[in-house]
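**Student:** I'll drop the sequence and a predicted model, then ask my questions.
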Amino acid sequence: MEEIIRTEYSELMQKSYIDYAMSVIVARALPDVRDGLKPVQRRVLYDMMELGTYYDRAYRKSARIVGDTMGKYHPHGDSSIYEALVVMAQDFKKGQILVDGHGNFGSIEGDGAAAMRYTEARLTKIAQEVYLKDLDKDVVNFVPNFDETEKEPEVLPVRIPNILVNGSDGIAVGMATSIPPHNLGEVIDAAMAYIRNNQLTTAQLMKYIKGPDFPTGGIVVNQSDLAEIYETGTGKIRIRGKVEVEKGKNGKQLLVVTEIPYTMIGANIGKFLMDVADLVESRQAPEISDISNQSSKDGIRIVLELRKGADVERLKNLLYKKTRIEDTFGVNMLAVADGRPETMSLKKILDHFVDFQFDITTRKYQKLLAKEVEKKEIQEGLIKAVDVIDLIIEILRGSKNQKMAKDCLTMGVTEGIRFRHKGSEKQAKQLCFTQRQAQAILDMRLAKLIGLELEALYKENQDTLAKIDRYEKILNDYDTMADVILDDLASIRREYARPRRTFLTNAEAVVLEEPQEEETELVFLMDRFGYARTIDVPVYERNKEAADAESRWLFNCMNTDKVCIFTDQGVMHTIKVRDLPFTKFRDKGTPIDNLCNYSSESEQVIFAAPMTAVASHRLIFVTKSGMAKVTDGKEFDVSRRSIAATKLTDEDNVVFIGYADGGDFLVLQSRDGYFLRISLSEIPEKKKTAVGVRAMKLGDGDAVEQGYLVTSRHEFDVEYRDQKISLNKIRLMKRDSRGVKVKA
């Protein structure tokens with residue numbers, strides 16, 4: 001009989017989401033603090049060991065490794081497995097590569113690896129000897145795989161603090177980890193010091209671990225912040241690329257980038273080149289005459305050629321300030337410890353590492369001790385058997401089967417055995433070999449009775465006793481076990497440590513002094529196609545008639561000002577005057593699409609003016625649906641490049657913008673030929689986020705086409721359908737009227 005269980009939906013969703021989040025956190029995104037590996041990395045390395053892809057053997061196809069890993073241990077798609085394999089083979093991402101890749105495994109400039117069917121891989125020596133060694137000695141727990149058909153290690157018996165050496169990054173649910181790589185030699189020194197004295201503070205440990213050591217080199221410029229970062233497990237590291245000055249041809253100087261920040265790996269190198277080009281185009285770095293990326297497999301080399309007399313220090317500071325050659329690496333040392341995510345200090349990480357080393361060392365020597373004790377038992381049995389070998393031979397010859405002989409050897413049971421001498425049976429009843437010794441005696445070859453073989457057996461027994469004594473001392477004495485771990489770490493350091501690549505220092509934050517530009521007056525010109533430029537005032541005055549005829553928008557502005565572009569979509573775009581091309585009169589200029597966020601395909605310019613003029617006036621807005629409002633121009637004096645200048649209803653557009661201070665009346669003209677003249681005082685002042693009020697009542701299908709600002713002191717005539725209309729003489733009406741119909 002079915003039972004319906006009623007439950008609160010929110011509680012069910014909460015429980016399900018927590019289960020999902022913990023699954024992602026523990027089983028995918030975060031590394032284990034003990035081996036510093038995510039599950040996918042651990043499974044790839046273990047599978048490679050199982051496949052026999054050792055460092056001194058032939059490479060195997062990456063597709064084979066990926067397929068085997070996915071089929072046995074990681075059923076989450078081949079792309080994530082291959083990506084993990086590729087990253088472990090990239091020396092510009094990892095402090096110690098764990099996979100020896102053969103073929104195209106990507107580049108520091110962001111080129112992707114070749115497809116897995118083309119590349120090959122095998123384990124590196126350090127992966128095999130430091131990360132996977134002793135797995136056969138039961139040093140870690142093995143757990144069932146996803147379908148319980150295989151066993152996989154819960155954690156690898158890594159003998160170095162890999163979480164610090166190779167770092168880690170990953171995004172889980174509600175949390176993320178970002179641990180920088182460190183120098184192997186320094187990390188081992190710190191671990192050894194901590195084993196000798198676990199009372200060391202984080203500050204004392206930093207005498208050994210100076211700071212992160214990125215594989216791309218670079219310069220950490222906030223060394224004084226590292227103490228707090230390692231104490232709390234979180235913070236920000238500022239990294240600069242290494243920029244050197246070299247002599248070029250013809251007395252020119254070169255700025256050469258030889259090391260990049262770790263965060264610039266990949267597409268950000270191309271972004272850096274684009275940013276430098278933008279600085280040149282915007283005249284912020286006119287001293288740079290050429291940019292070239294000469295990087296190769298030998299290393300990074302980005303060359304900036306400078307003009308003669310260039311201010312090198314200013315250019316360096318400009319690059320640090322405006323490009324990603326100086327960047328920030330966010331540190332969050334989050335890892336899984338005891339099945340739970342935890343943000344850890346440097347000391348806490350080393351504490352977990354040392355506990356793990358003592359655990360795997362204990363399990364290793366317990367296994368070795370058990371093996372030697374078993375060997376000792378057998379050896380003692382064989383030595384004892386040699387002394388009574390004639391009796392044993394008599395027992396074997398007189399027994400009908402192996403069980404009868406074994407029972408006699410272990411328990412002295414003689415029933416059914418034919419003895420050749422009467423005293424032999426009495427001796428046989430006194431035998432008490434163990435089961436293991438009895439089996440070894442039964443398996444023993446007669447050649448073992450040769451004198452030299454007997455001597456070897458006695459010597460082997462002495463060696464075994466010495467090993468048992470040593471293993472018991474290691475297991476029973478903390479200091480002895482610590483010495484074993486220290487010796488192991490020291491041998492790893494001797495073989496694999498390398499010099500530090502990242503330089504650590506304290507540098508002042510870059511203060512970029514903008515060159516003081518002399519304020520001059522220019523004339524802004526923009527034609528009906530949207531090409532904009534600036535020219536000198538004298539040039540304009542000499543060509544005034546042609547400029548007025550060819551330009552749709554034309555006004556004077558200062559070179560330190562901004563130009564405001566208002567569009568029919570109710571958006572205001574701003575352009576710095578210094579970003580506009582300064583040209584000769586007959587030059588074409590640049591489309592404003594290239595200078596701001598304006599799109600000529602979806603917008604139309606309604607009004608343009610300098611920011612200083614806009615901010616010192618009130619603007620009137622009129623829309624196609626007859627809505628109008630006045631807004632204080634100060635609201636548009638903002639630093640953002642694009643803002644909403646007014647709020648529009650669906651399918652409405654702005655048709656007119658003007659200075660409300662420049663008229664007494666507003667005249668609106670509709671598509672059906674209606675003209676409405678109202679007093680400007682009837683249009684209320686509202687914020688830029690408001691829609692406004694209805695200024696003109698429209699008939700079905702009608703829409704406002706144009707607006708005019710009219711003063712009472714001057715005649716204002718317009719041409720409409722081949723007739724001249726004086727706007728001042730149109731009857732003055734109230735707001736929200738339909739207006740006067742003009743006959744065609």
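**Tutor:** The structure has been received and is ready for your questions. Residues are numbered from 1 along each chain as shown.
**Student:** could you use CA atoms for every contact and neighbour count after this?
**Tutor:** OK.
**Student:** distance from the centroid: which residue in the protein tops it?
**Tutor:** Lys422 (85.5 Å; Cα atoms, centre = their mean).
**Student:** mind listing what it touches?
**Tutor:** Going by Cα atoms under 8 Å, 6 or more residues apart in numbering, Lys422 touches no other residue.
**Student:** how far away is it from Arg238?
**Tutor:** Look at Lys422 and Arg238: by Cα to Cα, to the nearest Å, they are 93 Å apart.
**Student:** what does Phe353 give?
**Tutor:** Here the criterion is Cα to Cα. By it, Phe353 lies 28 Å from Arg238.
**Student:** give me the more crowded residue out of those two.
**Tutor:** Each of Phe353 and Arg238 has its neighbours counted (other Cα atoms under 10 Å); Phe353 has more, 24 against 18.
**Student:** the more buried one touches Pro157, doesn't it?
**Tutor:** No - with contacts counted by Cα atoms under 8 Å, Phe353 stays clear of Pro157, the gap being 10.7 Å.
**Student:** which of the helices or strands spans Tyr118?
**Tutor:** Per DSSP states H and E, Tyr118 falls between elements, in no helix or strand.
**Student:** burial count for it?
**Tutor:** Close neighbours of Tyr118, defined as other Cα under 10 Å, add up to 13.
**Student:** for the stretch 151-300 of the chain, just list every one of the strands.
**Tutor:** 151-153, 168-171, 176-179, 219-220, 234-240, 242-247, 253-259, 288-293 (DSSP state E, counting those that start in this stretch).
**Student:** using a markdown table, lay out those together with distance to Pro161 and mean pLDDT.
**Tutor:** Output for the strands of the stretch 151-300 of the chain, formatted as a markdown table (distance: least, Cα to Cα, whole Å; pLDDT from 0 to 100):
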| stretch | distance to Pro161 | mean pLDDT |
| --- | --- | --- |
| strand 151-153 | 18 | 94 |
| strand 168-171 | 12 | 89 |
| strand 176-179 | 12 | 92 |
| strand 219-220 | 22 | 94 |
| strand 234-240 | 19 | 95 |
| strand 242-247 | 28 | 90 |
| strand 253-259 | 26 | 92 |
| strand 288-293 | 36 | 90 |
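**Student:** just name the most buried of the ones you listed.
**Tutor:** strand 219-220 (a mean of 26; mean count of other Cα atoms under 10 Å).
**Student:** how far does it sit from the chain's center?
**Tutor:** 18 Å (Cα atoms, centre = their mean, to the nearest Å).
**Student:** return the list of strands paired to it, each annotated with direction.
**Tutor:** Strand 219-220 pairs in its sheet with strand 234-240 (antiparallel), strand 503-504 (parallel), by DSSP bridges.
**Student:** circling back: and the gap between the residue farthest from the centre of the chain and Leu391?
**Tutor:** For Lys422, the distance to Leu391 - Cα to Cα - is 12 Å.
**Student:** show the contacting residues for Ile260.
**Tutor:** Thr216, Gly217, Gly218, Arg240, Gly241, Lys242, Ile300, Ile325.
**Student:** report the two of these separated the most.
**Tutor:** Longest distance between any two of these is 14.0 Å, between Arg240 and Ile300; criterion Cα to Cα.
**Student:** list the buried residues for stretch 134-153?
**Tutor:** For stretch 134-153, the neighbour count (16 or more other Cα atoms under 10 Å) marks Asp134, Leu135, Asp138, Val139, Val140, Asn145, Glu152, Pro153 as buried.
**Student:** I misspoke; the intended subject was stretch 71-79.
**Tutor:** Lys72, Tyr73, His74, Asp78.
**Student:** strands of the stretch 401-550 of the chain, start to end?
**Tutor:** 503-504, 521-526, 531-536.
**Student:** Asp702: which of these is closest?
**Tutor:** Of these, the one closest to Asp702 (Cα to Cα) turns out to be strand 521-526, at 31.1 Å.
**Student:** packing partners for that closest one?
**Tutor:** Applying 3 or more Cα pairs under 8 Å, 6 or more residues apart in numbering; DSSP states H and E, we find strand 521-526 packed against strand 531-536, helix 537-542, strand 553-558.
**Student:** give me whichever of those is most buried.
**Tutor:** By mean count of other Cα under 10 Å, the helices and strands packed on strand 521-526 have strand 531-536 as the most buried, with a mean of 21.
**Student:** show me the contact partners of that one.
**Tutor:** So strand 531-536 is in contact with 521-526, 577, 580-585, 588-592, going by Cα under 8 Å, 6+ apart.
**Student:** what is the mean pLDDT for that strand?
**Tutor:** The average pLDDT within strand 531-536 is 92.
**Student:** relative to strand 521-526, how tilted is that strand?
**Tutor:** Relative orientation of strand 531-536 versus strand 521-526 (axes from the mean of the first three to the mean of the last three Cα atoms, to 10 degrees): 160 degrees.
**Student:** relative to strand 553-558, how tilted is strand 531-536?
**Tutor:** 50 degrees.
**Student:** in the sheet, who's paired with the residue nearest the centre of the chain?
**Tutor:** Geometric centre of the chain, nearest residue: Asp169, 6.3 Å, by Cα atoms, centre = their mean. Beta-bridge partners for Asp169, by DSSP bridges, are Ser178.
**Student:** contacting residues for it?
**Tutor:** Contacts of Asp169 by Cα under 8 Å, 6+ apart are Leu30, Ala176, Thr177, Ser178, Ile179.
**Student:** going by neighbour count, list what's buried in the strand or helix carrying Arg64.
**Tutor:** Arg64 is part of helix 62-72 when elements are defined by DSSP H and E. Residues Ser62, Ala63, Arg64, Ile65, Val66, Gly67, Asp68, Thr69, Met70, Lys72 are the ones in helix 62-72 that count as buried (16+ other Cα under 10 Å).
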